[in-house]
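*Asks:* Fold the stuff below for me.
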Amino acid sequence: MQVLRLSGVLLTGFVLGCRIYGCSPAKTVKAAASVKPDKERHDAPDFALKDADGKTVRLSDYRGKVVLLDFWATWCGPCKFEIPWFMEFERKDKEKGLVVLGVSMDDDGWDAVKPFVHQVGINYRIVLGNAATADNYGGVEALPTTFLIDRDGKIAAVHVGLATKSEIEHGIEELLQTPARGGASRVSLPAQLVGGN
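*Replies:* Numbers count the residues shown, from 1 in each chain. Take a look at the predicted model:
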(Lines give C-alpha, C1' and ligand atoms only; values in the text may rest on other atoms or scores of the structure.)
Protein backbone atom coordinates (compact mmCIF):
# COMPACT_ATOMS: atom_id res chain seq x y z
CA MET A 1 0.00 0.00 0.00
CA GLN A 2 2.80 2.39 0.95
CA VAL A 3 4.62 1.58 -2.31
CA LEU A 4 1.50 2.45 -4.33
CA ARG A 5 1.09 5.70 -2.41
CA LEU A 6 4.77 6.58 -2.98
CA SER A 7 4.45 5.79 -6.68
CA GLY A 8 1.40 8.02 -6.88
CA VAL A 9 3.20 10.86 -5.11
CA LEU A 10 6.23 10.54 -7.38
CA LEU A 11 4.13 10.40 -10.54
CA THR A 12 2.07 13.40 -9.42
CA GLY A 13 5.26 15.32 -8.64
CA PHE A 14 6.66 14.47 -12.05
CA VAL A 15 3.51 15.54 -13.90
CA LEU A 16 3.25 18.80 -11.93
CA GLY A 17 6.95 19.51 -12.39
CA CYS A 18 6.69 18.93 -16.11
CA ARG A 19 3.55 21.03 -16.39
CA ILE A 20 5.17 23.92 -14.53
CA TYR A 21 8.59 23.69 -16.19
CA GLY A 22 7.48 22.40 -19.59
CA CYS A 23 9.65 19.30 -19.52
CA SER A 24 9.29 15.92 -21.12
CA PRO A 25 11.71 12.98 -21.19
CA ALA A 26 12.35 13.56 -24.89
CA LYS A 27 12.99 17.30 -24.58
CA THR A 28 14.93 17.79 -21.35
CA VAL A 29 17.99 15.61 -21.84
CA LYS A 30 21.07 17.42 -23.07
CA ALA A 31 23.57 14.58 -22.97
CA ALA A 32 25.19 12.10 -25.25
CA ALA A 33 23.78 8.59 -25.39
CA SER A 34 26.97 7.20 -23.84
CA VAL A 35 29.90 8.41 -21.79
CA LYS A 36 32.53 10.75 -23.20
CA PRO A 37 35.81 9.33 -24.51
CA ASP A 38 38.66 9.49 -21.95
CA LYS A 39 40.43 12.39 -23.67
CA GLU A 40 37.31 14.58 -23.43
CA ARG A 41 36.81 14.08 -19.69
CA HIS A 42 37.75 16.74 -17.15
CA ASP A 43 38.36 16.48 -13.41
CA ALA A 44 35.21 16.69 -11.32
CA PRO A 45 35.60 19.56 -8.83
CA ASP A 46 36.10 18.35 -5.28
CA PHE A 47 33.84 19.58 -2.50
CA ALA A 48 33.35 19.27 1.25
CA LEU A 49 29.63 19.15 2.11
CA LYS A 50 27.77 17.96 5.20
CA ASP A 51 25.48 14.94 5.32
CA ALA A 52 22.43 14.54 7.59
CA ASP A 53 24.67 13.45 10.49
CA GLY A 54 26.89 16.50 10.16
CA LYS A 55 29.75 14.48 8.69
CA THR A 56 31.86 16.05 5.95
CA VAL A 57 31.64 14.28 2.60
CA ARG A 58 34.31 14.91 -0.04
CA LEU A 59 34.08 13.73 -3.62
CA SER A 60 37.77 12.83 -3.45
CA ASP A 61 36.92 10.24 -0.75
CA TYR A 62 35.36 8.16 -3.52
CA ARG A 63 38.31 8.07 -5.91
CA GLY A 64 38.43 4.58 -7.41
CA LYS A 65 34.63 4.34 -7.42
CA VAL A 66 32.12 5.27 -10.11
CA VAL A 67 30.02 8.15 -8.74
CA LEU A 68 26.53 9.17 -9.78
CA LEU A 69 26.35 12.77 -8.51
CA ASP A 70 22.81 14.14 -8.63
CA PHE A 71 21.91 17.79 -8.00
CA TRP A 72 18.24 17.81 -6.98
CA ALA A 73 15.60 19.39 -4.70
CA THR A 74 12.54 18.13 -2.85
CA TRP A 75 10.26 20.49 -4.83
CA CYS A 76 11.53 19.26 -8.22
CA GLY A 77 9.06 16.89 -9.92
CA PRO A 78 11.50 15.31 -12.41
CA CYS A 79 14.00 14.80 -9.55
CA LYS A 80 11.42 12.74 -7.67
CA PHE A 81 10.86 10.64 -10.76
CA GLU A 82 14.57 9.67 -10.93
CA ILE A 83 15.10 8.93 -7.23
CA PRO A 84 13.71 5.35 -7.34
CA TRP A 85 16.09 4.59 -10.24
CA PHE A 86 19.05 5.86 -8.24
CA MET A 87 17.95 3.81 -5.23
CA GLU A 88 17.85 0.74 -7.47
CA PHE A 89 21.31 1.49 -8.91
CA GLU A 90 22.69 1.88 -5.37
CA ARG A 91 21.26 -1.51 -4.34
CA LYS A 92 22.28 -3.30 -7.53
CA ASP A 93 25.73 -1.86 -8.20
CA LYS A 94 27.17 -0.80 -4.83
CA GLU A 95 29.25 -3.97 -4.54
CA LYS A 96 30.62 -3.37 -8.06
CA GLY A 97 31.97 0.04 -7.06
CA LEU A 98 29.08 2.49 -7.63
CA VAL A 99 28.41 5.34 -5.21
CA VAL A 100 25.26 7.45 -5.53
CA LEU A 101 25.48 10.93 -3.97
CA GLY A 102 22.55 13.31 -3.90
CA VAL A 103 23.32 17.03 -3.56
CA SER A 104 20.20 18.79 -2.30
CA MET A 105 19.80 22.38 -3.47
CA ASP A 106 16.83 23.06 -1.16
CA ASP A 107 16.84 26.58 0.29
CA ASP A 108 15.20 25.26 3.48
CA GLY A 109 18.10 22.86 4.08
CA TRP A 110 17.65 19.84 6.29
CA ASP A 111 14.20 21.05 7.47
CA ALA A 112 12.91 20.13 4.00
CA VAL A 113 15.33 17.35 3.12
CA LYS A 114 15.32 15.08 6.19
CA PRO A 115 11.54 14.42 6.23
CA PHE A 116 11.57 13.79 2.47
CA VAL A 117 14.51 11.36 2.67
CA HIS A 118 12.77 9.50 5.51
CA GLN A 119 9.40 9.38 3.73
CA VAL A 120 10.84 8.11 0.45
CA GLY A 121 13.39 5.83 2.13
CA ILE A 122 16.37 7.04 0.12
CA ASN A 123 19.18 4.51 0.55
CA TYR A 124 22.10 6.63 -0.68
CA ARG A 125 24.00 9.50 0.89
CA ILE A 126 22.54 13.00 0.69
CA VAL A 127 24.50 16.20 1.30
CA LEU A 128 23.43 19.84 1.29
CA GLY A 129 24.76 21.77 -1.66
CA ASN A 130 25.63 25.45 -1.88
CA ALA A 131 26.09 28.10 -4.56
CA ALA A 132 29.87 27.59 -4.71
CA THR A 133 29.50 23.87 -5.42
CA ALA A 134 26.86 24.50 -8.10
CA ASP A 135 29.07 27.17 -9.70
CA ASN A 136 32.03 24.80 -9.81
CA TYR A 137 29.87 22.29 -11.69
CA GLY A 138 28.99 24.77 -14.41
CA GLY A 139 26.26 26.70 -12.64
CA VAL A 140 23.72 23.83 -12.37
CA GLU A 141 20.93 25.99 -13.77
CA ALA A 142 18.39 23.16 -14.06
CA LEU A 143 17.34 20.40 -11.71
CA PRO A 144 17.91 17.57 -11.85
CA THR A 145 21.46 17.71 -13.19
CA THR A 146 23.28 14.40 -12.94
CA PHE A 147 26.99 13.76 -13.42
CA LEU A 148 28.56 10.36 -13.98
CA ILE A 149 32.12 10.42 -12.65
CA ASP A 150 34.62 7.71 -13.55
CA ARG A 151 36.98 5.88 -11.20
CA ASP A 152 39.69 8.48 -11.85
CA GLY A 153 37.47 11.35 -10.69
CA LYS A 154 36.69 12.65 -14.17
CA ILE A 155 33.27 13.68 -15.49
CA ALA A 156 32.25 11.07 -18.05
CA ALA A 157 28.66 12.18 -18.71
CA VAL A 158 26.28 15.00 -17.81
CA HIS A 159 22.49 14.77 -17.92
CA VAL A 160 20.64 18.09 -17.61
CA GLY A 161 16.98 17.54 -16.87
CA LEU A 162 15.15 14.24 -16.82
CA ALA A 163 17.12 11.52 -18.59
CA THR A 164 15.91 8.01 -19.33
CA LYS A 165 16.66 5.28 -16.86
CA SER A 166 18.34 3.15 -19.54
CA GLU A 167 20.58 6.01 -20.63
CA ILE A 168 21.93 6.55 -17.11
CA GLU A 169 22.15 2.81 -16.45
CA HIS A 170 24.10 2.23 -19.68
CA GLY A 171 26.62 4.90 -18.66
CA ILE A 172 27.03 3.39 -15.19
CA GLU A 173 27.58 -0.10 -16.59
CA GLU A 174 30.17 1.18 -19.06
CA LEU A 175 32.09 2.99 -16.30
CA LEU A 176 31.91 0.05 -13.89
CA GLN A 177 33.59 -2.17 -16.49
CA THR A 178 36.52 0.25 -16.82
CA PRO A 179 39.27 0.04 -14.19
CA ALA A 180 40.87 3.16 -12.75
CA ARG A 181 43.86 4.30 -14.75
CA GLY A 182 45.54 5.96 -11.81
CA GLY A 183 46.68 8.92 -13.87
CA ALA A 184 44.34 11.42 -12.28
CA SER A 185 45.88 13.56 -9.59
CA ARG A 186 43.97 14.36 -6.43
CA VAL A 187 42.17 17.66 -6.84
CA SER A 188 42.88 20.30 -4.21
CA LEU A 189 39.85 21.63 -2.37
CA PRO A 190 38.99 25.30 -3.00
CA ALA A 191 38.28 27.08 0.30
CA GLN A 192 34.89 28.41 -0.87
CA LEU A 193 33.55 24.85 -1.29
CA VAL A 194 33.80 24.02 2.41
CA GLY A 195 30.41 24.10 4.09
CA GLY A 196 26.92 23.31 3.03
CA ASN A 197 25.07 25.04 5.86
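*Asks:* gap between stretch 93-100 and the chain center?
*Replies:* 14 Å (CA atoms, centre = their mean, to the nearest Å).
*Asks:* go on, stretch 143-153?
*Replies:* How far stretch 143-153 lies from its chain's middle: 7 Å, per CA atoms, centre = their mean.
*Asks:* After the strand or helix carrying residue 70, which helix or strand is next?
*Replies:* In this structure, residue 70 is located in strand 66-72 according to DSSP states H and E. Using DSSP H and E, the helix or strand that follows strand 66-72 towards the C-terminus is helix 77-93.
*Asks:* Quick check: the gap between residue 152 and residue 75.
*Replies:* If you measure residue 152 against residue 75 using CB to CB, to the nearest Å, the figure is 34 Å. Backbone N, C-alpha and C define where each C-beta goes, glycine included.
*Asks:* got it, and residue 138?
*Replies:* The gap separating residue 138 from residue 75 is 21 Å, by CB to CB.
*Asks:* between these two, who's got more neighbours?
*Replies:* Set residue 138 next to residue 75 and count neighbours by other CB atoms under 10 Å: residue 75 wins out with 18 against 13.
*Asks:* quick one: contacts for the nearest residue to that one once chain neighbours are set aside?
*Replies:* Among residues not flanking residue 75 along the chain, residue 106 sits closest, at 7.3 Å (CB to CB, 6 or more residues apart in numbering). For residue 106, the contact set (CB atoms under 8 Å, 6 or more residues apart in numbering) comprises 73, 74, 75, 112, 113, 128.
*Asks:* which pair in those residues spans the largest distance?
*Replies:* The largest separation in these, counting by CB to CB, is between 75 and 128 at 14.8 Å.
*Asks:* Give me the pLDDT for the spatially most central residue of the chain.
*Replies:* By CA atoms, centre = their mean, the chain has its centre lying nearest to residue 70, at 1.3 Å. Looking at residue 70, its pLDDT reads 98.
*Asks:* For beta bridges, what are the partners of it?
*Replies:* Going by DSSP bridges, residue 70 is paired in beta bridges with residue 102, residue 146.
*Asks:* Just confirm it contacts residue 104, I think it does.
*Replies:* No: between residue 70 and residue 104 there is no contact under CB atoms under 8 Å: 9.5 Å.
*Asks:* In contact with the residue nearest to the centre of the chain, which residues?
*Replies:* Counting by CB under 8 Å, 6+ apart, residue 70 makes contact with 79, 82, 86, 100, 101, 102, 103, 144, 145, 146, 147.
*Asks:* Which of the three states applies to the residue nearest to the third one when sequence neighbours are not counted?
*Replies:* If I follow you right, that is residue 86. Residue nearest to residue 86 in three dimensions, not counting chain neighbours: residue 100, with 5.0 Å by CB to CB, 6+ apart. Assigned with DSSP: H, G, I helix; E, B strand; the rest coil, residue 100 falls in the strand class.
*Asks:* Tell me the pLDDT of residue 100.
*Replies:* Note on residue 100: pLDDT of 98.
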